[in-house]
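Visitor: fold the following, please.
(one chain, ligands or ions: 2)
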Amino acid sequence: MFVPTLMGQCTPEQQAYWLPRALDMQIIGTYAQTELGHGTFIRGLETTATYDPETETFVMNSPTLTSYKWWAGGLAKTVNYCIVVAQLYTKGVCHGTHPFIVQIRDEETHMPRPGVKVGDIGPKLGFNTADNGYLGFDNYRIPRDNMMMKNAQVLKDGTYVKVARHGKATYGTMVFVRVLLVNEAAFNLAKACTIAVRYSAIRRQCSPDSEGSELQVLDYSTQQHKLFICIATAHALQLNSTWLWKTFSDTLAAIKQGNVDTLPELHALSSCLKALSTADAASLIEQCRHACGGHGYMMSSGLPYLYAFVTATRTYEGDYTILLLQTARFLVKAYEQVEAGKPLTPTVSYLSQAFTGKKLPWDSSPDGIIRAFQALAAGKLSSTVKSLRKRLESGLSYEQAWELSTIQLNGAAEAHCRAVMSQNYKSEIERLTVNSSPNVKLVLQQLYKVYLYYWALERTGDLLLYTSISESDIFELQLRYEGLLKEIRPNAVGIVDAFDLRDEVLHSALGSYDGNVYERLMAEAQKSPLNAEPVNQTFHTYLKPMMKGKL
Ligand SMILES: CCCCCCCC/C=C\C/C=C/C(=O)SCCNC(=O)CCNC(=O)[C@H](O)C(C)(C)COP(=O)(O)OP(=O)(O)OC[C@H]1O[C@@H](n2cnc3c(N)ncnc32)[C@H](O)[C@@H]1OP(=O)(O)O
Ligand SMILES: Cc1cc2nc3c(=O)[nH]c(=O)nc-3n(C[C@H](O)[C@H](O)[C@H](O)COP(=O)(O)OP(=O)(O)OC[C@H]3O[C@@H](n4cnc5c(N)ncnc54)[C@H](O)[C@@H]3O)c2cc1C
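Guide: Ligands and ions are numbered 1, 2, ... in the order given. Model (predicted):
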């Protein structure tokens with residue numbers, strides 16, 4: 001995040017000075033925005049940067065314990081520079097949060113600079129190869145030029161000058177990383193389902209009839225139900241990630257031309273796609289672990305590490321709930337645009353059907369299910385807006401009415417994102433397989449149908465509200481879904497092999513390409529320090545005295 005922020009928030013002159021040093025690893029930096037007391041609410045950050053025109057410096061301060069920077073990766077012992085997000089004061093006026101480049105350690109000795117307090121925040125659920133740290137300032141001065149001045153400047157005399165055309169230019173790095181995290185979610189879920197599917201093909205457990213041999217657990221319908229949605233979701237996330245990256249690149253190009261019109265839609269898309277992709281990936285990686293029984297709980301399976309790594313992405317770079325609420329904010333505005341007869345941007349154009357007042361006729365084809373997801377999203381948004389307006393009419397302020405409606409707002413945002421993801425998934429598969437062999441087309445279509453049927457069956461309540469789906473339609477869809485799992489089974493191992501993930505990348509005794517699961521589990525077990533000697537010294541210090549009643 002250090003380098004992308006230098007690229008996004010520095011003037012060309014500042015980039016010319018800082019970027020080569022950062023890219024050449026002459027300096028190592030991190031992005032320190034979150035504090036002990038605030039992570040979500042950026043406007044509530046407490047670290048201050050007060051400009052002193054006498055010395056043309058900013059005085060950095062941590063006025064309270066809760067203002068200490070907390071969490072930044074590499075902060076504890078690795079970095080010697082930080083991008084610090086602080087409340088900018090000049091001429092006695094606070095201009096809100098701005099980014100500053102701050103040297104925190106000596107480039108030769110690596111000692112913390114005087115006025116800088118830095119350390120490690122301690123063990124975490126995962127990410128323990130990163131030294132996430134804390135950072136406090138005590139009247140620590142930095143040169144005026146260390147304010148990242150692409151979007152705002154402080155002149156030598158302390159005059160504040162706003163440069164950016166849109167109010168959230170300083171939030172740009174977070175959008176960039178959120179876009180990357182969708183791809184990260186796809187990649188890590190692909191690893192988990194490769195491990196779980198390969199292991200499920202090796203693992204034999206239980207024999208339905210007394211004479212027969214034990215079945216591969218991958219033959220069980222429940223195992224296919226656990227795992228094939230994981231494969232389909234890995235594909236869905238990868239294709240949505242590629243689509244989002246193009247949307248991000250197009251928006252950035254437009255902003256460079258001075259056109260910020262598509263930024264709100266990009267913020268809404270990157271928010272909900274980051275939220276859903278990381279949450280889906282984390283829960284499905286856990287589902288892959290469940291599918292591997294006890295051996296899935298071994299660190300040597302690779303699955304606990306994957307889960308610990310990915311579940312953090314649901315929180316960092318914008319908490320799941322917070323980001324869905326950002327998308328909901330955009331959707332409510334889009335709803336009002338439809339009411340006003342104004343044109344809608346492409347990803348919300350389906351909202352016009354929220355005003356038909358009729359249930360969408362149920363159609364179980366893939367396109368029909370995608371239209372049903374859109375109708376569901378439009379319907380949930382419409383009922384959310386009705387709740388919001390009912391509360392406003394009762395005399396509540398907009399903020400109060402909004403807060404009371406946030407559960408429904410989050411549901412509407414999630415439904416919108418699921419509709420966008422489903423639409424992108426199917427259309428990208430069709431675009432990419434135009435020249436593919438019939439077999440490849442068949443398998444990839446089977447997978448996106450798994451995705452569509454799975455989520456339709458997960459959302460039957462909403463579909464009954466907003467489409468004409470009947471009880472028998474639901475029964476028929478369940479049978480079709482279960483039949484589809486059986487069709488995919490013969491190709492399941494080949495499909496995960498197609499992720500082409502090397503053993504060194506999987507780090508898994510269960511998922512290695514050669515399938516020698518039991519030999520690998522035993523080999524990993526031998527590495528346990530407890531196997532270094534036949535009798536551990538704790539027998540003599542604790543167990544034996546206890547057994548002899550001497551403890
Ligand atoms: C190979 C790559 C691997 C990648 C993996 C990386 C591994 C690294 C590991 C960890 C890194 C982690 C780093 C971090 O976590 S950095 C800290 C991240 N912190 C956050 O994300 C904080 C989340 N909070 C916010 O973003 C904001 O506080 C907020 C959006 C929730 C609220 O902001 P606020 O200023 O209060 O705005 P409003 O809600 O009032 O909205 C105002 C207005 O601005 C628009 N807007 C808000 N944010 C953005 C944005 N980012 N871009 C564009 N526009 C934005 C918002 O839509 C409103 O517009 P309006 O409706 O028109 O008024
Ligand atoms: C592994 C990891 C690495 C990180 N790396 C960095 C880094 O390098 N740099 C950095 O600056 N930060 C980093 N962070 C911090 C991260 O950005 C924050 O943890 C994240 O933004 C969430 O903020 P928070 O911790 O304050 O949670 P909070 O916002 O306090 O969330 C707590 C609960 O409150 C809810 N909540 C909060 N506000 C609202 C609201 N308005 N409405 C409804 N519910 C609300 C949340 O949904 C959540 O359920 C990292 C975090 C982790 C876990």
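Visitor: which strand or helix spans the residue lying closest to Ser277 once chain neighbours are set aside?
Guide: With sequence-adjacent residues excluded and distances taken as CB to CB, 6 or more residues apart in numbering, Ser277 is closest to Ala185, at 4.0 Å. In this view, the C-beta of every residue, glycine as well, is placed from N, C-alpha and C. In the assignment (DSSP states H and E), Ala185 maps to helix 172-202.
Visitor: ok now that helix, how far from the chain's centre?
Guide: Remark: helix 172-202 is offset 10 Å from the chain centroid, using CA atoms, centre = their mean, to the nearest Å.
Visitor: follow-up on the earlier one: the residue nearest to Ser277 is in contact with Thr313, isn't it?
Guide: Yes: counting by CB atoms under 8 Å, Thr313 is a contact partner of Ala185 at 6.7 Å.
Visitor: what do the two both touch?
Guide: 278, 281 (CB atoms under 8 Å, 6 or more residues apart in numbering).
Visitor: and these two? Which one has more around it.
Guide: Ala185 (30 against 24; other CB atoms under 10 Å).
Visitor: which residues does that one contact?
Guide: With CB under 8 Å, 6+ apart, Ala185 has these contacts: 237, 241, 277-278, 280-281, 310, 313.
Visitor: from these, pick the one nearest ligand 2.
Guide: Proximity of the contacts of Ala185 to ligand 2 (CB to the nearest ligand atom) peaks at Thr313, which lies at 8.1 Å.
Visitor: how about the strands in the stretch 151-300 of the chain?
Guide: Assigned by DSSP state E, counting those that start in this stretch, the strands in the stretch 151-300 of the chain fall at 152-154, 160-162.
Visitor: show me what counts as buried in the longest helix along the chain.
Guide: As assigned by DSSP state H, the longest helix anywhere in the chain is helix 221-256. For helix 221-256, the neighbour count (16 or more other CB atoms under 10 Å) marks 223-244, 247-248, 251-252, 255 as buried.
Visitor: give me the subset of the residues you listed touching ligand 1.
Guide: Of the residues in those, proximity to ligand 1 by CB under 6 Å from any ligand atom holds for none.
Visitor: now the helices for the stretch 301-450 of the chain?
Guide: 303-311, 320-339, 366-393, 398-404, 406-432, 438-458 (DSSP state H, counting those that start in this stretch).
Visitor: could I get those as TSV with mean neighbour count?
Guide: Converted to TSV, these look like this (neighbours: other CB atoms under 10 Å):
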stretch	mean neighbour count
helix 303-311	21
helix 320-339	20
helix 366-393	20
helix 398-404	14
helix 406-432	21
helix 438-458	18
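Visitor: columns mean pLDDT on top of those helices, output as CSV?
Guide: Supplementary listing: these in CSV, determined by pLDDT from 0 to 100:
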stretch, mean pLDDT
helix 303-311, 97
helix 320-339, 96
helix 366-393, 96
helix 398-404, 98
helix 406-432, 97
helix 438-458, 97
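Visitor: count of neighbours near Pro361?
Guide: Pro361 has 12 nearby residues by other CB under 10 Å.
Visitor: ok, it to Gln374 distance?
Guide: Pro361 is 13 Å from Gln374, where distance means CB to CB, to the nearest Å.
Visitor: show me which residues of the stretch 301-450 of the chain sit near ligand 1.
Guide: 316-318, 322, 326, 329.
Visitor: go through those residues and name the one nearest ligand 2.
Guide: Nearest member of these to ligand 2, counting by CB to the nearest ligand atom, is Tyr316, at 3.6 Å.
Visitor: in the strand or helix carrying Gly119, what's buried?
Guide: Using DSSP H and E, Gly119 sits within strand 116-120. For strand 116-120, a neighbour-count test (16+ other CB under 10 Å) marks 116, 118 as buried.
Visitor: and that strand, does that touch ligand 2?
Guide: No: Strand 116-120 does not reach ligand 2 (CB under 6 Å from any ligand atom); its nearest approach is 13.0 Å.
Visitor: and the next helix or strand past that strand?
Guide: Next along from strand 116-120, by DSSP H and E: strand 133-137.
Visitor: what's in contact with that next one?
Guide: In contact with strand 133-137 (CB under 8 Å, 6+ apart) are residues 32, 36, 47, 60-62, 67-70, 72, 74-77, 82, 84, 104, 115-121.
Visitor: what about the residue in the stretch 451-551 of the chain positioned nearest to ligand 1, neighbour count?
Guide: Among the residues of the stretch 451-551 of the chain, Val505 lies closest to ligand 1, at 13.7 Å counting by CB to the nearest ligand atom. By other CB under 10 Å, the residues close to Val505 number 15.
Visitor: and the average pLDDT for the helix or strand hosting it is what?
Guide: In this assignment (DSSP H and E), Val505 forms part of helix 503-506. In this model, helix 503-506 has a mean pLDDT of 97.
Visitor: so which bits of that helix are buried?
Guide: For helix 503-506, the neighbour count (16+ other CB under 10 Å) marks Leu506 as buried.
Visitor: contacts made by the helix or strand just after that helix with the rest, please.
Guide: Downstream of helix 503-506, the first helix or strand assigned by DSSP H and E is helix 517-526. Outside helix 517-526, the residues that touch it by CB under 8 Å, 6+ apart are 199, 202-203, 295, 298, 300, 509-510, 512, 531.
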